[in-house]
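**Q** coordinates only, sequence not included:
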């Protein structure tokens, strides 16, 4: 026996189809829900809904299993059937996190959760505390980045489906790794988004880059908000996910008295207390608004952290001077900008932005740096380049070592993108699998048009729909320990170990960091308590005085040594000296 429930305020009649039999549903109640209890329904049965006089059956908007794709019938899934082994699990705090962003389809040769499990020891040995999965909610086709999800409660079947996700999370926890999941609550994908057949999940009162916005504040929005909050709680409760990364919250349009982020934060806080374990919410926001990560008690939205794009832009334009005049990079390209991103987080905290042609942002007002995720590579900053080239392919190995060190010694929480730790030679390209030829053409043309602002020619951009584009993006595990790849991997491992064992590098108080720099000579000296990070991006050697009692812990070049109380850095190099007890 199973009770089918569906929110469908837009329809006049509805039936659930189980096998070849239609079962009429009663409703709607005053909230718009329809119900039907079917005596012979059981887990494993396929079902769909028939709406009004439309003969086509549609999958459940809350389907937890789409084994035959997003266009086919849903399947009843038993969330309680899996046997977990992580009963004593308690994830590490975000303040001590080393995050590793992962795309399931390209992380392993198999492109599945089970394939990724086989590579977890690599992350354990590296010192990773959390993996962050790019979106895994079911989308049309068998490959993609995941940001076109349409069945948000179901796990993409080409990755292994819901049971495989549980095996992956369980394996991560048993190895001491937390799991964060990227979720998309700002739009539905363009193909297979049947939820709109049932109710007003979207509204034309607001617009986003993907079309109509999610209906967070209009008629029927109570149940739309319930849909997304329940989705978040499902991942955390039923799949034991440790936290969510909310994609592009600046595209949430909500004029309600209680913003959707506030509601979600409050409900997750209750869930954390109920489960007795730490749960996290991380936002992607380009607003430079500290309200996103200000606690609920202080009138904020209560997100635990947000991605910090300003750090990436400031550092990248110093490493790759050719980018400084392209698009939003025009707002950066100075050591002053990088220094501000290290000491104030937001480079634009009220200043005029040339790219936006207006003032942007506001100061973070005493918040800990541990509310901000720092990176030099991520899926956007690699995959949204015309050729998907990685940092070392753009600026070389020496500058890549410098960048990695600045990320891993920053006051924010560091995040690596898959393959960054060993300077992967494989690109990470944008790829998709749209079944509609017209949609595929539109996506390809759209990317060519978007890259025009960055000066790329049309023929430089890989065809997202070609399966070879996807296959080329898979990591090559045979190269991980070879030559300079193994050298960078060891450099990364040592940096992570240093961060995890240094009190100064785990201090998120922005008042405890001082940055000196020379714009002309292009050197930077970061002082975090007794740890000094010294960096030279200039064309000539740079010398730094080292306080008595400080030792040279790490150096990006074998030419660097501590002699006579001084460290001299050749161009494009970095050293870390420390007075902490070792």
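**A** Arrived safely, thanks for sending. These numbers were taken from a predicted model, which means no experiment stands behind them.

**Q** tell me the contacts of the nearest residue to residue 198 once chain neighbours are set aside?
**A** Using Cβ to Cβ, 6 or more residues apart in numbering and skipping the chain neighbours, the partner closest in space to residue 198 is residue 8 (4.3 Å). Bear in mind the C-beta positions are built from the backbone N, C-alpha and C, glycine included. Going by Cβ atoms under 8 Å, 6 or more residues apart in numbering, residue 8 touches 14, 27-28, 32-34, 49, 51, 198-199.

**Q** which of those lies closest to residue 115?
**A** Checking those against residue 115 with Cβ to Cβ, the nearest one is residue 49 at 34.2 Å.

**Q** The closest one - how many residues pack around it?
**A** Applying other Cβ atoms under 10 Å, we find 27 residues neighbouring residue 49.

**Q** Pick the one among the contacts of residue 8 closest to residue 540.
**A** Comparing these against residue 540 with Cβ to Cβ places residue 199 closest, at 64.8 Å.

**Q** so where do the helices sit in the stretch 451-582 of the chain?
**A** 467-472, 483-501 (DSSP state H, counting those that start in this stretch).

**Q** do the stretch 201-350 of the chain as well
**A** Taking DSSP H, counting those that start in this stretch to define them, one finds helices in the stretch 201-350 of the chain at 221-237, 260-275, 309-319, 335-343.

**Q** Among the ones you listed, show me which one is buried the most.
**A** helix 309-319 (a mean of 24; mean count of other Cβ atoms under 10 Å).

**Q** For that one, which helices and strands make contact with it?
**A** Using 3 or more Cβ pairs under 8 Å, 6 or more residues apart in numbering; DSSP states H and E as the contact test, the elements touching helix 309-319 are helix 335-343, strand 372-374, helix 391-395, helix 397-408.

**Q** Just put the ones you listed in JSON lines and tack on mean pLDDT.
**A** Below are the helices and strands packed on helix 309-319 laid out as JSON lines (pLDDT from 0 to 100):
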{"stretch": "helix 335-343", "mean pLDDT": "96"}
{"stretch": "strand 372-374", "mean pLDDT": "98"}
{"stretch": "helix 391-395", "mean pLDDT": "95"}
{"stretch": "helix 397-408", "mean pLDDT": "98"}
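
**Q** do you know which of these lies nearest residue 132?
**A** In terms of Cβ to Cβ, the element of those nearest to residue 132 is strand 372-374, at 9.0 Å.

**Q** picking that back up, sitting in helices, which of the contacts of residue 8 do you find?
**A** Applying DSSP state H to the contacts of residue 8, no entry is found in helices.

**Q** For the buried ones among those, write the corresponding ChimeraX selection.
**A** In ChimeraX, this line selects whichever of these come out buried by 16 or more other Cβ atoms under 10 Å:
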select :14,27,28,32,33,34,49,51,198,199
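
**Q** follow-up on the earlier one: in JSON lines: the helices and strands packed on helix 309-319, plus distance to residue 131.
**A** Listed next are the helices and strands packed on helix 309-319 as JSON lines, based on distance: least, Cβ to Cβ, whole Å:
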{"stretch": "helix 335-343", "distance to residue 131": "25"}
{"stretch": "strand 372-374", "distance to residue 131": "14"}
{"stretch": "helix 391-395", "distance to residue 131": "20"}
{"stretch": "helix 397-408", "distance to residue 131": "17"}
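
**Q** I'd like to know which of these lies nearest to residue 483.
**A** Nearest to residue 483 among the helices and strands packed on helix 309-319 is helix 397-408 (10.3 Å), distances taken as Cβ to Cβ.

**Q** That closest one versus helix 309-319: what angle between them?
**A** Put simply, helix 397-408 runs at 160 degrees to helix 309-319, going by axes from the mean of the first three to the mean of the last three Cα atoms, to 10 degrees.

**Q** Check which residues of the lowest-mean-pLDDT helix or strand in the chain are buried.
**A** Least confident element among the helices and strands of the chain, by mean pLDDT, DSSP states H and E: helix 437-450 (a mean of 77). Judged by neighbour count (16+ other Cβ under 10 Å), helix 437-450 contains these buried residues: 439-440, 443-444, 447-448.

**Q** just to revisit the earlier point, mind putting the helices of the stretch 201-350 of the chain into CSV with distance to residue 146?
**A** Converted to CSV, the helices of the stretch 201-350 of the chain look like this (distance: least, Cβ to Cβ, whole Å):
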stretch, distance to residue 146
helix 221-237, 14
helix 260-275, 20
helix 309-319, 20
helix 335-343, 28
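
**Q** So for residue 214, which of those helices sits nearest?
**A** Closest among the helices of the stretch 201-350 of the chain, using Cβ to Cβ: helix 221-237, at 6.7 Å.
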